[in-house]
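> Can you look at this prediction? I've put the sequence above it.
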Amino acid sequence: MREHAALLERLGADVVRVRRPEEFATVSGLVIPGGESTVIDKLSRIFKMRDPIRQAIRNGMPVLGTCAGLIMLADTVLDAIEGQQSFGGLDVVVRRNAFGRQTESFEADLSVPALGAEPVHAAFIRGPVVESVGPAATTLGALDDGRVVAVEQGALIGISFHPEISGETRFHERFLDHVEARRPEPNPTALTPAARR
């Protein structure tokens with residue numbers, strides 16, 4: 001989480017670490033980091049965050065999910081533990097821990113045309129893989145063997161890897177572009193309290 005916060009701050013974002021619904025109510029976008037999806041699911045219920053996040057996703061809030069965050073955004077999760085639920089929103093089927101144990105972590109360069117011609121250097125650590133992409137979602141990137149590892153649907157971005165570790169900023173920039181696009185336009189006819197006197 002620290003790496004995401006530092007990266008977003010370098011890009012000019014005001015970062016709030018969200019743990020409770022009242023903090024969540026103050027933000028315009030959400031990053032769901034890597035970690036353990038089962039723990040994220042459990043804590044979201046304990047701290048009464050699950051329903052507000054689900055509603056915000058339905059209402060179009062921009063969300064970037066990396067690794068476990070992708071699992072939490074998927075509509076369907078394979079190899080989930082009993083009772084595990086995701087927030088949903090991405091029309092994809094995701095398989096947990098598809099790349100094996102942490103000792104089998106690897107790095108790869110991916111072609112992501114939506115982010116430009118330069119390849120994305122991606123670090124995979126026990127990441128999920130997208131088994132199938134539904135009609136509402138779009139594939140952003142895949143490994144050379146065809147396994148999908150980056151998807152987008154509206155203002156939702158889900159990726160199997162950790163750009164915050166490799167120093168890759170373009171996914172976070174794209175997320176911030178979604179946040180900025182949802183900001184209400186200032187009303188040029190509105191008057192400040194001072195102007196109304």
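It's in. Numbers count the residues shown, from 1 in each chain.
> okay, CA-based contacts and neighbour counts for the rest of this
Fine.
> before we move on, which element is residue 123 in?
Residue 123 is part of strand 120-124, with elements assigned from DSSP states H and E.
> Could you name the helices and strands sitting against that strand?
Other helices and strands packing on strand 120-124, by 3 or more Cα pairs under 8 Å, 6 or more residues apart in numbering; DSSP states H and E, are strand 106-110, helix 163-166.
> rerun at 6 Å
Helices and strands touching strand 120-124, as assessed by 3 or more Cα pairs under 6 Å, 6 or more residues apart in numbering; DSSP states H and E, comprise strand 106-110.
> got a list of contacts for the strand it packs on?
Here strand 106-110 makes contact (Cα atoms under 6 Å, 6 or more residues apart in numbering) with 119, 120, 121, 122, 123, 124.
> and of those residues, the nearest to residue 105?
residue 124 (5.5 Å; Cα to Cα).
> Contact partners for the closest one?
105, 106, 107, 161.
> Which strand or helix spans the residue lying closest to it once chain neighbours are set aside?
Once flanking residues are discounted, residue 124 sits nearest to residue 161: 4.7 Å by Cα to Cα, 6 or more residues apart in numbering. Per DSSP H and E: residue 161 is located in neither a helix nor a strand.
> wait, isn't residue 161 in contact with residue 123?
Yes: counting by Cα atoms under 6 Å, residue 161 touches residue 123, with 5.4 Å between them.
> Comparing the two, which residue is more hemmed in?
Neighbour comparison, residue 161 and residue 123: the larger count goes to residue 161, with 29 against 21 (by other Cα atoms under 10 Å).
> What residues does the nearest residue to residue 107 once chain neighbours are set aside make contact with?
Once flanking residues are discounted, residue 107 sits nearest to residue 123: 4.4 Å by Cα to Cα, 6+ apart. Applying Cα under 6 Å, 6+ apart to residue 123 gives the contacts 107, 161, 162.
> switch to 8 Å and redo it
By Cα atoms under 8 Å, 6 or more residues apart in numbering, the contact list for residue 123 reads 105, 106, 107, 108, 161, 162, 163, 165, 166.
> List phi and psi for the residue nearest to residue 124.
Torsion angles at residue 161 (phi, psi; degrees, to the nearest 10) stand at phi -120, psi -170.
> From what I see, it and residue 65 are in contact.
No: using Cα atoms under 8 Å, residue 161 makes no contact with residue 65, being 9.6 Å away.
> and residue 92, backbone torsions?
Dihedral angles phi and psi of residue 92 (degrees, to the nearest 10) take the values phi -140, psi 160.
> The spatially closest residue to residue 115 that is not a sequence neighbour: how many residues sit nearby?
Nearest residue to residue 115, sequence neighbours excluded (Cα to Cα, 6+ apart): residue 170, at 6.6 Å. By the other Cα under 10 Å criterion, the neighbourhood of residue 170 contains 14 residues.
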